[in-house]
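Asker: sharing a model prediction with you, sequence too.
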Number of protein chains: 2
Amino acid sequence: MSKPGISDPQADPLHVLRRAEPDVRRQSLIAACTRVLAREGAAGTSVRVIAREARVSPGLITHYFSGIDALVAATYAEIDRTVAEAMDAAMAQAGDDPRARLDAFVTASFTPPIADRALLATWIAFWSLVTARADIARQHDDQYAGFRARLIDLLAACGVPQHRQRLAAIAVAALIDGLWLELCLSPGCFTGEEASRIARDHLDALIGPP
Amino acid sequence: MSKPGISDPQADPLHVLRRAEPDVRRQSLIAACTRVLAREGAAGTSVRVIAREARVSPGLITHYFSGIDALVAATYAEIDRTVAEAMDAAMAQAGDDPRARLDAFVTASFTPPIADRALLATWIAFWSLVTARADIARQHDDQYAGFRARLIDLLAACGVPQHRQRLAAIAVAALIDGLWLELCLSPGCFTGEEASRIARDHLDALIGPP
DNA sequence: TCTGTTATTGTACACTCGTGCAACGACTTT
DNA sequence: AAAGTCGTTGCACGAGTGTACAATAACAGA
């Protein structure tokens, strides 16, 4: 299965010296960074490796991004967007029933391409920047707030009273994150189906069975 | 408050050229690595920085560990031990009532020195090794299994029937981890007290109110 | 006091790292 | 067809990386 946002480098029409629209080139650098993070992990991700992956000279990365950290941050933002889209697609398939949409949201979290060791490598690379740089910490706060805001909408639609929505969303977000993290780190410990079941049981306790 | 396993380098009696018992020196290198990981993050942690922190020549690290990765792995194992001890201490203070012990376990997870951005940096450094090296992935599996085994004991003592213990432990572990992670990454989003309350509510739903 | 052991040092090696920058050349405009 | 723009290259630079290894010196036992 092809991963969202990860295109085949062989098919990349930019692999010979050729000018590209700035947006296109930017996007191709982000895509290359995604592939490298997934393949090599945070430690093996450098300007030169990414440049080779993108079939481009190392200098070009400095031309488009203020530094390697900025490229990783942009890559993370892109992945966040991709994941959100995958979630939306799963929910759209679930129809209009609020609880069915919530279940679809949860289940998608533990199914490829979201539950994916390669995605984890990107997340870890980003987290290590969060602990070191204030601007990236802010980006993380924003993105996570967006994640919780989606959950609040879903929970509200399921009838969770307003005064409990905030903590309920934090709880569900944490449960999903913890299960997702462990599912990626130790895939043999439990299955995605079991993770889904745990999360759905928690929702049952929170808002009553569907 | 002083962090567990982090000693004052000024008070280190090894700071002049002096032979040390292998175990003592090993331990002092691990302690130095812990401090560096906490202060500089995974990216800023190198043989030379650790050696300077330990007031020791860089060559000594290779003499005691097969490489920098082995030192980081040993540091992680040590931190895992330290955290487990802090948990045991919190539970011992809670007395004999099973549910009180479980609550103490949960609360300690969201209180310094366990909920600590510095600890997070070490965890992240270790996770990035997990995705890259099979032997370290095994170490992670073992340590996390130990964490879940403790939870199973606690849940069993609270009357959770055996056939539900495994998934219940996975659920509680994931919830604690997710809350802990977010508490460290975005300390402004919710408080340790709120995290405790969320976890205790989840336990109420799982095993009934105390 | 001398000797043997080995913890410890300091340095050298061969890399990789991120960034800066002059030169080149693909494409647009005139 | 000539000129201008700017995407792109390729390399140089200094700093940092992990590891290897001979030399040194602290300590134990004789």
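Answerer: Now that the structure is in, tell me what you want to look at.
Asker: pLDDT wise, what is A:Arg164 at?
Answerer: In this prediction, A:Arg164 carries a pLDDT score of 96.
Asker: domains of chain A?
Answerer: For chain A, the structural domains run A:7-65, A:73-207, going by automatic domain parsing.
Asker: ok, longest helix in chain A?
Answerer: Among the elements of type helix in chain A, defined by DSSP state H, the one spanning the most residues is helix A:68-93.
Asker: to the chain's geometric centre, what's the distance from the very next helix or strand once past that helix?
Answerer: Tracing the chain past helix A:68-93, the next element assigned as helix or strand by DSSP states H and E is helix A:98-109. Here the centre of mass of C-alpha atoms in helix A:98-109, compared against the chain's by C-alpha atoms, centre = their mean, to the nearest Å, lies 17 Å away.
Asker: likewise stretch A:111-126?
Answerer: Per C-alpha atoms, centre = their mean, the centroid offset for stretch A:111-126 relative to its chain is 7 Å.
Asker: that stretch: which residues count as buried?
Answerer: Buried residues in stretch A:111-126, counting neighbours by 16 or more other C-beta atoms under 10 Å in any protein chain shown, are found at A:111, A:113-116, A:118-126. From N, CA and C alone the C-beta is placed, and that goes for glycine too.
Asker: so which of those residues are in helices?
Answerer: In helices, judged by DSSP H, the following of these are found: A:Ala118, A:Leu119, A:Leu120, A:Ala121, A:Thr122, A:Trp123, A:Ile124, A:Ala125, A:Phe126.
Asker: from chain B, how far out is the fourth one?
Answerer: Going back to what we said before, that points to A:Ala121. 5 Å (C-beta to the nearest C-beta, to the nearest Å).
Asker: by mean pLDDT, show me the worst of the domains of chain A.
Answerer: Of all these, the segment with the smallest mean pLDDT is domain A:7-65, scoring a mean of 83.
Asker: and that domain with chain B, contact?
Answerer: Yes: on the criterion C-beta under 8 Å from any C-beta of the partner chain, domain A:7-65 is in touch with chain B at A:Glu40, A:Gly41, A:Ala42, A:Ala43, A:Gly44.
Asker: which residues touch stretch A:27-41?
Answerer: The contact list for stretch A:27-41 (C-beta atoms under 8 Å, 6 or more residues apart in numbering or on different chains) reads A:3, A:5-7, A:9, A:12, A:14, A:20, A:44-45, A:49-51, A:53-54, A:56, A:60-61, A:64-65, A:71-72, A:74-75, A:78-79, A:118-119, A:121-122, A:124-125, B:128, B:131-132.
Asker: so which of the domains of chain A comes closest to DNA strand D?
Answerer: Shortest separation from DNA strand D across those is recorded for domain A:7-65, at 2.3 Å, computed as C-beta to the nearest atom of the strand.
Asker: now the closest one, how far from the centre of its chain.
Answerer: Distance, centroid of domain A:7-65 to centroid of chain: 19 Å (C-alpha atoms, centre = their mean).
Asker: any idea which residue sits dead centre in chain A?
Answerer: For chain A, the residue sitting closest to the mean C-alpha position, by C-alpha atoms, centre = their mean, is A:Asp80 at 4.1 Å.
Asker: look up how far A:Ile30 lies from that one.
Answerer: For A:Asp80, the distance to A:Ile30 (C-beta to C-beta, to the nearest Å) stands at 12 Å.
Asker: hmm, A:Pro187 and A:Asp116 touching each other?
Answerer: No: A:Asp116 lies out of contact with A:Pro187 (C-beta atoms under 8 Å); the separation is 10.2 Å.
Asker: mind listing the helices for chain A?
Answerer: Listed in chain order (using DSSP H), the helices of chain A are A:22-40, A:47-53, A:59-64, A:68-93, A:98-109, A:117-130, A:134-157, A:162-185, A:192-207.
Asker: of the ones you listed, which approaches B:Leu151 most closely?
Answerer: Distances from B:Leu151 to each of these were compared using C-beta to C-beta; the minimum, 12.5 Å, belongs to helix A:162-185.
Asker: helix A:98-109 and the closest one, what's the angle between them?
Answerer: The directions of helix A:162-185 and helix A:98-109 differ by 30 degrees, with axes from the mean of the first three to the mean of the last three C-alpha atoms, to 10 degrees as the criterion.
Asker: name the helices or strands packed onto helix A:162-185?
Answerer: Packed against helix A:162-185 by the contact rule (3 or more C-beta pairs under 8 Å, 6 or more residues apart in numbering or on different chains; DSSP states H and E) you find helix A:98-109, helix A:117-130, helix A:134-157, helix A:192-207, helix B:134-157, helix B:162-185, helix B:192-207.
Asker: tell me the most buried of those?
Answerer: By mean neighbour count, with neighbours taken as mean count of other C-beta atoms under 10 Å in any protein chain shown, helix A:117-130 ranks first of those at a mean of 23.
Asker: packing partners of that one?
Answerer: When contacts are defined as 3+ C-beta pairs under 8 Å, 6+ apart, helix A:117-130 packs onto helix A:22-40, helix A:68-93, helix A:134-157, helix A:162-185, helix B:117-130.
Asker: export that helix as CSV, just CAs?
Answerer: Output for helix A:117-130, consisting of C-alpha atoms alone and laid out as CSV, is shown next (Å, rounded to 0.1, in the frame of the first residue of the first chain):
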residue,chain,number,x,y,z
ARG,A,117,6.4,2.6,12.3
ALA,A,118,7.6,4.9,9.6
LEU,A,119,5.3,7.7,10.7
LEU,A,120,6.5,7.2,14.3
ALA,A,121,10.1,8.0,13.2
THR,A,122,8.9,11.3,11.9
TRP,A,123,7.0,12.0,15.1
ILE,A,124,10.0,11.2,17.2
ALA,A,125,12.2,13.5,15.2
PHE,A,126,9.8,16.3,15.7
TRP,A,127,9.4,15.7,19.4
SER,A,128,13.1,15.9,19.9
LEU,A,129,12.9,19.4,18.3
VAL,A,130,10.0,20.3,20.6
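Asker: thinking A:Arg197 is in contact with B:Arg166, fair?
Answerer: No: under the contact definition of C-beta under 8 Å, A:Arg197 does not touch B:Arg166, with a separation of 11.8 Å.
Asker: one step back: most neighbours among the residues of domain A:7-65 next to chain B, please name it.
Answerer: A:Ala42 (26 neighbours; other C-beta atoms under 10 Å in any protein chain shown).
Asker: circling back to that earlier point, let's have the helices and strands packed on helix A:117-130 in CSV, adding distance to DNA strand D.
Answerer: Rendered in CSV, the data for the helices and strands packed on helix A:117-130 read as follows (distance: least, C-beta to the nearest atom of the strand, whole Å):
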stretch, distance to DNA strand D
helix A:22-40, 4
helix A:68-93, 12
helix A:134-157, 20
helix A:162-185, 23
helix B:117-130, 11
